[in-house]
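> Generate coordinates for the sequence data below:
(one chain, ligands or ions: 2)
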Amino acid sequence: MRAMLFLISVLLLGVLASAAQPEGSRPNILFVFSDDHALEAISAYRGRFKDIAPTPHLDRIAREGAIFNNSFCANSICGPSRACILTGKHSHINGFRTNRDHFNGNQWSFQKDLRQAGYTTALIGKWHLHGQPQGFDHWEIFPGQGNYYNPDFITMDAMRHREQGYCTDLVTDKAVAWLDGRDKTKPFLLMCQHKAPHRTFAPALRHLGAFDGVEFPEPSNLFDDYATRSKTLVTNQMSIENHFRWTYDLKVRPEEHEGIDLPGPDSGFAIEYNRMTPAQKKAWDAHYGPLNQQFIADYQAGNKDDPKTLTRWKYARYLQNYLATIKSVDESVGRLLDYLDKHDLANNTLVIYSSDQGFYLGEHGWYDKRWMFEESFKMPFLIRWPGVVTPNTRPEAMIQNIDYAPTFLEAAGLSIPTAVQGRSLLPVLRDTTTMPADWRESLYYHYYEAGGEHNVPIHYGVRTQRYKLIHFPATDQWNLFDLEADPHEMLNIYERSENRGRRDELKRELDRLRKQYQL
Ligand code: SGN
Ligand code: CA
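Ligands and ions are numbered 1, 2, ... in the order given. Have a look, this model is predicted:
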């Protein structure tokens, strides 16, 4: 009995001590999130575009903190990734499997606990979970995907209005304004969520010429023939060669090539162009007009019509636009980091930069995401947390978007509900140079949006540090990759007899994960 009383008083003291934590010791959380940002397009990742990617401020986060190469999503598509982040749970548990689903905002999500525990919380920019955000003191979101030029916003009174300007700048302005006006007696959580660099890859007008004349290194598999892998790869509708639309994606409008038939699709629909003011259209035309004229002249002269040459032209046009949109995202990060510096917040703010999934920048001939192949399975993940994360480190641990919620809770000194499936990253963050002894050795992935836009089949699989096993249920095919020998996933080694042991082991691991995650 006495021992019991003693235990109770120790526990009570512990509770009181944590409640009496001085304000300021709990870190603020600045979560900057973009849409479809490939790791390759961040210079600090030292990939194909390390000398080209316009990311000095993102690189600064990596230098002053840690950059994770083994960072993955659970389901490589927008809404589902966001739902995984808010709930710390896989898609089949949080109920948001495809972009067509509706997020049940009444379910538990981490920001509600932070708010309850005294954080002031805000979300600005892309939401894409349908319905209204819950658990935020303040939010202002794009309807659906949002737009680049003169975008519409939905405010907390459910009203929709249009603002003149460029989406990334406007979201940053709003984020800074919220920081300025926030309740400064509380620690904050700010989720600043950009649309860029999502399709249709439309840059700020001031950045239109930023990549003129730049040569973009090509991926070795720009002309992938999909041999040895699941036959469902061939039926994709996301190839640069065959599926980019002339007006929509490539910025060549019908009136610019009247009477000249360009091969490939074109709805003629200029979604972003149509939103611009006459002055904005003028700036756009001044940039693309002469370039397009030159291209059409080349095409007519027979210098561009060979399919490979044409694909290379499309690839270059794609990268010019894609990277130019990232210039604005990086500027946004710069403004937010400056704000922290100027207001003496940098030391007590955990800063994360990530994106809902990766993206194909020509690998396998593609744009878009969805597949469990590395380029879209990976998410960029950069974190700065002074006093906790060792600067300039590159942890090897495999982390996933379901880990963010428990990480934020533990950072704030809160307990993690048992239903959360992700793991707090604190053990990894406290020592970014050594792998924690009991860290996970495999990850589960599941993509659910069958058919539809881009025609990617349902598939699921397991990844370890070295291997990846994918199952395509519609055709009952299995693909196995040795990522060390074949980092670009060009050779399926599932059928090779010498791999039988490995493949059985991975299947057992996959079963174990499916049980663990209640599938
Ligand atoms: C839109 C895009 C697709 C993209 C999905 C999902 N088409 O439908 O290319 O795959 O979003 O992207 S577009 O014509 O609207 O640009 S996600 O990031 O929101 O999941
Ligand atoms: Ca996305």
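> what's the neighbour count on the residue in the chain positioned nearest to ligand 1?
Nearest to ligand 1, among the residues of the chain, is Cys78, at 2.8 Å (C-beta to the nearest ligand atom). Yep, even glycine has a C-beta here, placed from its N, CA and C like the rest. Here the number of neighbours of Cys78 (other C-beta atoms under 10 Å) works out to 22.
> Asn99 is in contact with that one, correct?
Yes: Cys78 lies in contact with Asn99 (C-beta atoms under 8 Å); the separation is 6.0 Å.
> Which residues are in contact with each of these two?
His128 (C-beta atoms under 8 Å, 6 or more residues apart in numbering).
> and the stretch 251-400 of the chain, which residues reach ligand 1?
Residues of the stretch 251-400 of the chain lying near ligand 1 by C-beta under 6 Å from any ligand atom: Asp368.
> In the stretch 251-400 of the chain, which residue sits closest to ligand 2?
Nearest residue of the stretch 251-400 of the chain to ligand 2, counting by C-beta to the ion: Asp356, 4.1 Å away.
> Give me the nearest residue to that residue, chain neighbours excluded.
Ser81 (4.0 Å; C-beta to C-beta, 6 or more residues apart in numbering).
> Now the phi/psi pair for the one you found, please.
Main-chain dihedrals, Ser81, degrees, to the nearest 10: phi -60, psi -40.
> Ramachandran angles for the residue of the chain closest to ligand 1?
phi -60, psi -70.
> separation between Gly131 and Ser267?
29 Å (C-beta to C-beta, to the nearest Å).
> shouldn't Met281 be in contact with Tyr273?
Slight slip there: residue 281 is Lys, not Met. Yes: under the criterion of C-beta under 8 Å, Lys281 makes contact with Tyr273 at 6.7 Å.
> between the two, who's got more neighbours?
Between Lys281 and Tyr273, counting by other C-beta under 10 Å, Tyr273 is the more crowded of the two (19 against 16).
> Next up, phi/psi of the more buried one, please.
As for Tyr273, its main-chain torsions (degrees, to the nearest 10) stand at phi -60, psi -40.
> mind listing what it touches?
Counting by C-beta under 8 Å, 6+ apart, Tyr273 has contacts 247, 253, 281, 284.
> Looks to me like the last one is in a helix.
Yes: using DSSP: H, G, I helix; E, B strand; the rest coil, the assignment for Trp284 is a helix.
> What's the local residue count around it?
Trp284, neighbours per other C-beta under 10 Å, totals 20.
> Farthest-apart pair in the contacts of Tyr273, please.
Across the contacts of Tyr273, no pair lies farther apart than Thr247 and Lys281, at 13.8 Å, counting by C-beta to C-beta.
> How far does the longest helix anywhere in the chain sit from its chain's centre?
Ranked by number of residues, the top helix in the chain under DSSP state H is helix 307-342. Distance of helix 307-342 from the chain centroid (C-alpha atoms, centre = their mean, to the nearest Å) equals 14 Å.
> cool, and stretch 466-475?
22 Å.
> in that stretch, what's buried?
Under the neighbour-count criterion of 16 or more other C-beta atoms under 10 Å, stretch 466-475 has 467-472 buried.
> May I see these organised as CSV, with pLDDT and secondary structure added?
Output for these, formatted as CSV (pLDDT from 0 to 100; DSSP: H, G, I helix; E, B strand; the rest coil):
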residue, pLDDT, secondary structure
Tyr467, 98, strand
Lys468, 98, strand
Leu469, 98, strand
Ile470, 98, strand
His471, 98, strand
Phe472, 98, strand
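> now Pro254: how far from His194?
30 Å.
> Of the buried residues of stretch 466-475, just say which sits nearest to ligand 2.
Closest to ligand 2, out of all of these and judged by C-beta to the ion, is Ile470, at 20.5 Å.
> that older thread, Pro254 and His194: who's more crowded?
His194 (28 against 14).
> give me phi/psi at the more buried one?
Dihedral angles (degrees, to the nearest 10) for His194: phi -80, psi 160.
> Looks like it contacts Phe31 (just checking).
No: applying C-beta under 8 Å as the test, His194 and Phe31 come out as separate, 11.5 Å apart.
> show me where the stretch 251-400 of the chain has strands.
349-355, 381-384, 399-400 (DSSP state E, counting those that start in this stretch).
> Pro80: how many residues sit nearby?
Counted by other C-beta under 10 Å, the residues lying close to Pro80 total 31.
> Would you enumerate the residues in contact with the nearest residue to it once chain neighbours are set aside?
In this structure, Pro80 finds its nearest non-sequential neighbour in Ser91, 4.9 Å apart by C-beta to C-beta, 6+ apart. Ser91 makes contact with 74-75, 80, 83-84, 97, 446, 448 under the criterion C-beta under 8 Å, 6+ apart.
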